[in-house]
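Novice: Coordinates only, no sequence provided:
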């Protein structure tokens, strides 16, 4: 397990946060921490990708909303609006499966990794939950 992954996992352990870890393999050079959250209106699984340089994390929520093909043009407008509303996260439409994903990337040094990751996870969950309501309004209007 990479140093940054270990620091994050140790912090989560001290806080009693449930998670799972998949260590880097030969074909994928990233450790992955997964955290499940039951949000107000949907379940969210946060994925944290740590690289071997121990200086960054890519945090993702995949499949936040499944977009009906006929609604894609309208949802792209809503995605752009949400990107203007939130400072720390960006929203993308995956055209392979027509799902919206949420992304946060962060750089850090060797101290406070756990605290930084915990803060970013809190932000991505909160932002995902707030944006989910807007995406669902657009889907059903």
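Specialist: Happy to help now that I have it. Not measured: the values here are computed from a predicted model. Numbers count the residues shown, from 1 in each chain.
Novice: Pull up the pairing partners for the longest strand along the chain, direction included.
Specialist: When the chain is parsed with DSSP state E, its longest strand is strand 56-66. Next to strand 56-66 in the sheet, as set by DSSP bridges, lie strand 43-51 (antiparallel), strand 99-107 (antiparallel).
Novice: spatially speaking, which residue is in the middle of this structure?
Specialist: residue 60 (2.5 Å; C-alpha atoms, centre = their mean).
Novice: From residue 111, how far off is that one?
Specialist: Using C-beta to C-beta, to the nearest Å, residue 60 is found at 24 Å from residue 111. Glycine gets a C-beta too; all of them are placed from N, C-alpha and C.
Novice: same check, this time on residue 17
Specialist: Taken as C-beta to C-beta, the span from residue 17 to residue 111 is 20 Å.
Novice: try residue 32
Specialist: 22 Å.
Novice: Same check on residue 77?
Specialist: In terms of C-beta to C-beta, residue 77 sits 41 Å off from residue 111.
Novice: swap in residue 23?
Specialist: Taken as C-beta to C-beta, the span from residue 23 to residue 111 is 23 Å.
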